[in-house]
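S.K.: 3D model of this:
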Amino acid sequence: MKTDKQATQPLLTEFPATSAEEWRDAAEKLLKGKPFDKVMTRQTPEGIRLEPIFRKEVLDGLSAAETFPGFDGYLRGTSATGYQKEPWEIAQELPYGTPIEFNTAARADLMRGQNALNVLLDIATLKGLDPDSAQSGEVGACGLSLACLKDIEVAFDEIMPEAVSFHFRTGCSGLSVGSLFFAWLKQQAVDLKKVKGSLGMDPIAVKAAAGQVPAKMSELLSEQAIMANYCAQEAPGIRAVGVSSLPYHQAGASAVEELGICLATGVTYLNEMIERGLSVDTAAQQIRFSFCIGPNFFMEIAKLRAARVLWAQIVKAFGGNAESQKIVMHARTGLYNKTQKDPYVNMLRTTTEALSGAIGGVDSMCVGNFDEVSRLPDAFSRRISRNTQIILQEECELTSVVDPAGGSWAVEWLTNEVSEKSWELFKAIEAEGGMTEALKNGYIHKTINATAKQNEALLGARRTSLVGTNVYPNLEEKELETRIPDYVVVRDQRAREIAAARMELDEAADATVMEALGKIVDSSGEDLLPILIQAVEAGATIGEISKTIRATVHPDDAITPLPTTRLASKYEALRAASARFAEKTGRAPAIFLTNLGPLRRHKARADFTKGFFQSGGFEVMSPTGFESPQDAVAALAESKAGITVVCGTDDDYAEKFADYAQAIKAALPEMQVILAGYPGEKEAAYKEAGMDDYIFIKSDNYELNRRYLTGLGVL
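M.R.: Numbering: from 1, shown residues only. Alright, predicted model coming up:
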């Protein structure tokens with residue numbers, strides 16, 4: 001009979017523990033000579049080699065086991081209670097161009113679970129242009145058009161400022177948009193200390209994405225410091241400064257590169273604000289980070305956890321206190337891996353990405369709409385995205401667990417790896433002279449470009465999968481209904497609205513506007529924002545404010561912008577070309593499978609070939625297996641295809657391929673004959689018999705599709 005002590009011993013103590021060496025020996029025996037490191041481990045784009053199994057010994061060299069949420073460098077979160085006291089904000093983007101459209105969507109979604117407004121701005125507003133001074137395609141494009149106080153009154157009509165967080169992405173237009181926002185808050189007679197949100201002024205991200213900013217970077221950083229100082233004094237719940245990883249993510253950056261670049265950007269902003277008179281604690285508490293979340297579930301969790309640790313170390317090194325060392329993080333599901341083909345799969349992608357964000361411990365999150373890379377969202381797509389977060393909070397009960405990833409041997413090890421590699425990149429950027437110099441001299445572009453090329457190579461070889469794009473394409477899918485605004489109409493409408501707003505001003509208001517704008521020239525900086533707010537209240541527009549602020553300022557030197565792309569775009573171009581070809585000729589580019597023998601002998605390679613070429617938009621005809629070359633040639637001639645792929649087993653090839661290939665070439669000399677499978681030592685013999693090419697698991701899927709579409713005149 002067991003004693004009480006024996007009865008309480010864990011069950012597994014009755015079994016002998018297996019050492020790492022014993023496990024590896026057993027695994028290598030099962031591999032039967034295949035190299036363990038090649039088969040069982042995987043190299044990530046971050047340069048981290050993932051092991052197949054992790055053991056608790058990996059924690060011996062890490063501090064993770066001795067840390068607690070809310071303490072110890074904030075690895076496990078900046079709050080001891082996690083989300084139990086306050087869940088992350090559901091901050092969905094509403095990318096509508098006119099104030100009335102924005103307000104309609106905002107009021108609907110705020111009644112259905114969203115609790116933070118994530119305000120994207122259109123190109124004209126970000127440039128500091130009024131609608132009637134901007135070009136068609138700039139007004140209402142990519143976000144909300146704001147030009148005057150009336151616009152923001154309409155956009156935020158019936159929205160209570162104390163009940164909702166407001167997050168803007170202002171880029172270089174922080175002062176003008178901020179003055180508009182604060183003028184509206186003043187009009188609402190709200191206590192500014194009760195308002196929460198951010199203004200997201202991030203000129204470095206603008207320069208990285210666009211290649212140029214509208215003023216010298218030093219001038220923009222001065223504007224940023226003015227805004228930060230005002231927020232710190234008057235509205236401490238609003239953070240003026242943003243650090244966004246979006247331009248780098250969309251260019252193909254890895255998780256390590258995103259984090260390292262954001263840290264370097266944050267340090268630049270810290271230095272510049274401190275140099276302009278802000279204390280380190282004030283400056284640090286004015287910064288809000290915004291990270292994109294990619295598809296590598298555990299890597300993204302590790303990135304967010306590492307961000308907390310590294311930023312705390314940086315602020316501590318500046319002399320910041322414990323509170324200012326706490327990072328504030330927004331997360332947005334990424335765009336780099338989203339697809340226009342099979343778009344409903346994007347719902348699944350964003351779900352796993354949102355889960356990474358929640359487990360990683362973000363403060364707010366936006367789940368991208370499944371159709372965002374194709375069109376403007378409707379109520380359905382917004383509802384699906386919003387409810388993804390609500391389900392994670394309400395049904396999955398993630399808010400009840402503090403740091404659910406904490407203590408996981410694999411996650412803690414990966415967090416440490418991401419931390420070390422991100423820190424190395426951060427130091428390398430600093431060695432280049434900081435973030436602005438690293439952009440100017442091309443270091444950032446070179447670093448990200450190498451990763452992006454690797455990503456594209458992996459996609460082309462189908463070692464990275466995009467369902468519905470390079471694997472499991474659905475050529476019968478129904479395209480999404482187009483829902484893109486007529487930006488000429490939008491621009492004309494907004495131009496009439498701003499003209500009408502100007503006409504409403506009487507002579508006294510005009511004089512007040514001119515007086516307020518005139519004061520800007522003589523402003524010392526500290527009183528600039530109150531003057532701008534006064535001008536907005538009197539009727540000044542964003543265009544007038546921007547021209548006055550930057551009357552004598554010239555644009556900064558231009559750089560090569562980072563590319564904005566998606567992995568799927570090159571495949572989508574192939575599919576689009578095939579669709580145009582089909583519309584023009586009445587038929588998609590065709591490939592005929594010369595299947596050898598019964599189904600069981602050719603099915604595996606026939607299925608592989610169908611998927612391989614359907615990703616390029618080919619119509620792939622797969623008939624029953626042939627028993628003679630003559631039957632195959634007759635069917636092939638009837639198909640009118642210009643390419644045939646012979647599918648069978650290696651034994652069938654050795655016995656029959658030469659006969660079939662020679663018969664095909666004799667009857668149809670222009671026919672391209674491809675072998676499904678790797679010919680190995682028989683390659684020369686098969687080529688002599690008539691083989692033009694072959695495909696197998698290591699073939700470059702994209703390049704071969706592109707080549708054969710070009711040969712058929714599709715491209």
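S.K.: centre-most residue in this protein?
M.R.: Central residue of the chain (C-alpha atoms, centre = their mean): G334, 2.1 Å from the mean position.
S.K.: check the gap between that one and C396 for me.
M.R.: Separation of G334 from C396 (C-beta to C-beta, to the nearest Å): 21 Å. For glycine as for every other residue, the C-beta is placed from the backbone atoms N, C-alpha and C.
S.K.: same check on I444?
M.R.: Taking C-beta to C-beta, one finds I444 at 37 Å from C396.
S.K.: so for those two, which sits in the more crowded spot?
M.R.: More crowded of I444 and C396, by other C-beta atoms under 10 Å: I444, with 27 against 12.
S.K.: correct me, but that one touches I261?
M.R.: Yes - the criterion here is C-beta atoms under 8 Å, and I444 meets it with I261 at 6.6 Å.
S.K.: so where's this structure uncertain?
M.R.: Applying pLDDT under 70 to the chain flags the ranges 1-12, 506-509, 524.
S.K.: what's the domain layout of it?
M.R.: 86-460, 569-711 (automatic domain parsing).
S.K.: so which of those is nearest T552?
M.R.: Shortest distance between T552 and these, using C-beta to C-beta, is found for domain 86-460: 9.8 Å.
S.K.: spit out the contact partners of M435.
M.R.: When contacts are counted by C-beta atoms under 8 Å, 6 or more residues apart in numbering, M435 touches I204, I261, A264, T265, V267, T268, I429, I444.
S.K.: repeat that for L110.
M.R.: By C-beta under 8 Å, 6+ apart, the contact set of L110 is L117, I159, V164.
S.K.: most surrounded residue in those residues?
M.R.: Ranked by neighbour count (other C-beta under 10 Å), those have L117 at the top, with 23 neighbours.
S.K.: for that one, give me the backbone phi and psi.
M.R.: Phi and psi for L117, reported as degrees, to the nearest 10, are phi -90, psi 130.
S.K.: would you confirm that it contacts A91?
M.R.: Yes - assessed by C-beta under 8 Å, L117 is found in contact with A91 at 7.4 Å.
S.K.: what do the two both touch?
M.R.: S165, H167.
S.K.: so what's C366 closest to, chain neighbours aside?
M.R.: Nearest non-adjacent residue to C366, counting by C-beta to C-beta, 6 or more residues apart in numbering: R332, 4.5 Å away.
S.K.: and that neighbour, how far from D132?
M.R.: Note on R332: its distance to D132, by C-beta to C-beta, is 32 Å.
S.K.: got it, and A637?
M.R.: A637 sits 64 Å away from D132, going by C-beta to C-beta.
S.K.: among the contacts of M435, which pair sits farthest apart?
M.R.: Farthest-apart pair in the contacts of M435 is V267 and I444; separation 14.5 Å (C-beta to C-beta).
S.K.: and G140, which of the three is it?
M.R.: Reduced to three states with DSSP: H, G, I helix; E, B strand; the rest coil, the structure at G140 is coil.
S.K.: go on, G242?
M.R.: Going by three-state DSSP: G242 is strand.
S.K.: how far away is it from L532?
M.R.: Taking C-beta to C-beta, one finds G242 at 19 Å from L532.
S.K.: quick one: the helices in the stretch 51-200 of the chain?
M.R.: Under the criterion DSSP state H, counting those that start in this stretch, the stretch 51-200 of the chain contains helices at 99-110, 123-127, 149-155, 174-187.
S.K.: nearest to G237, out of the ones you listed?
M.R.: Here helix 174-187 is closest among the helices of the stretch 51-200 of the chain (C-beta to C-beta), at 11.3 Å.
S.K.: name the helices or strands packed onto the strand or helix carrying the residue nearest to C366?
M.R.: If you go by DSSP states H and E, R332 is part of strand 329-333. For strand 329-333, the packing partners by 3 or more C-beta pairs under 8 Å, 6 or more residues apart in numbering; DSSP states H and E come out as strand 287-293, helix 297-318, helix 345-360, strand 364-366.
S.K.: circling back: which among the contacts of L110 gets closest to S400?
M.R.: Checking those against S400 with C-beta to C-beta, the nearest one is V164 at 24.6 Å.
S.K.: any idea how far the nearest residue to the closest one once chain neighbours are set aside lies from V536?
M.R.: Spatially, and ignoring its direct neighbours in sequence, V164 is nearest to L117 (5.8 Å; C-beta to C-beta, 6+ apart). As judged by C-beta to C-beta, L117 and V536 stand 19 Å apart.
S.K.: what of I53?
M.R.: For I53, the distance to V536 equals 61 Å [C-beta to C-beta].
S.K.: these two: who's more crowded?
M.R.: Set I53 next to V536 and count neighbours by other C-beta under 10 Å: V536 wins out with 28 against 11.
S.K.: can I assume that one sits in a helix?
M.R.: Yes - counting by three-state DSSP, V536 is part of a helix.
S.K.: skipping its backbone neighbours, what lies nearest it in space?
M.R.: Ranked by C-beta to C-beta, 6+ apart and with sequence neighbours excluded, the top spatial neighbour of V536 is A183, at 4.0 Å.
S.K.: that neighbour: neighbour count?
M.R.: Neighbour tally, A183, other C-beta under 10 Å: 22.
S.K.: who wins for proximity to F581 among the helices and strands packed on strand 329-333?
M.R.: With respect to F581, and counting by C-beta to C-beta, the nearest of these is helix 345-360 at 25.1 Å.
S.K.: and the closest one, what does it pack onto?
M.R.: Under the contact definition 3+ C-beta pairs under 8 Å, 6+ apart, helix 345-360 sits against strand 287-293, helix 297-318, strand 329-333, strand 364-366, helix 379-394.
S.K.: any chance of the ones you listed in JSON lines, plus distance to F626 and mean neighbour count?
M.R.: As requested, the helices and strands packed on helix 345-360 are exported to JSON lines (distance: least, C-beta to C-beta, whole Å; neighbours: other C-beta atoms under 10 Å):
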{"stretch": "strand 287-293", "distance to F626": "50", "mean neighbour count": "26"}
{"stretch": "helix 297-318", "distance to F626": "45", "mean neighbour count": "23"}
{"stretch": "strand 329-333", "distance to F626": "48", "mean neighbour count": "27"}
{"stretch": "strand 364-366", "distance to F626": "55", "mean neighbour count": "26"}
{"stretch": "helix 379-394", "distance to F626": "47", "mean neighbour count": "18"}
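S.K.: just put those in TSV and tack on distance to E353.
M.R.: Converted to TSV, these look like this (distance: least, C-beta to C-beta, whole Å):
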stretch	distance to E353
strand 287-293	4
helix 297-318	7
strand 329-333	4
strand 364-366	9
helix 379-394	9
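S.K.: between the ones you listed, which gets nearest to I520?
M.R.: strand 287-293 (26.1 Å).
S.K.: and for that closest one, what's in contact with it?
M.R.: Residues from elsewhere that reach strand 287-293 (C-beta under 8 Å, 6+ apart): 167, 169, 198, 200, 239, 241-246, 249-250, 258-259, 262, 266, 269-270, 300, 303-304, 307, 311, 327-336, 353-354, 356-357, 362.
S.K.: one step back: sheet partners, orientation included, of the strand holding R332?
M.R.: According to DSSP bridges, strand 329-333 forms sheet pairs with strand 287-293 (parallel), strand 364-366 (parallel).
S.K.: let me see the contact set for S622.
M.R.: S622 touches L593, N595, A606, T609, K610, counting by C-beta under 8 Å, 6+ apart.
S.K.: can you tell me what sits against stretch 39-52?
M.R.: 27, 31, 254-257, 296, 299, 414, 417-418, 421, 451, 454-455.
S.K.: same check, this time on stretch 65-83
M.R.: Stretch 65-83 is contacted by residues 59, 63-64, 85, 305, 308-309, 312-313, 325-327, 358, 361, 393, 398-403, 406-407, 412, 415 when judged by C-beta under 8 Å, 6+ apart.
S.K.: buried subset of the residues you listed as a ChimeraX selection?
M.R.: This is how ChimeraX selects the buried members of these, with burial counted by 16 or more other C-beta atoms under 10 Å:
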select :59,64,305,308,309,312,325,326,327,358,361,393,398,399,402,403,406,412,415
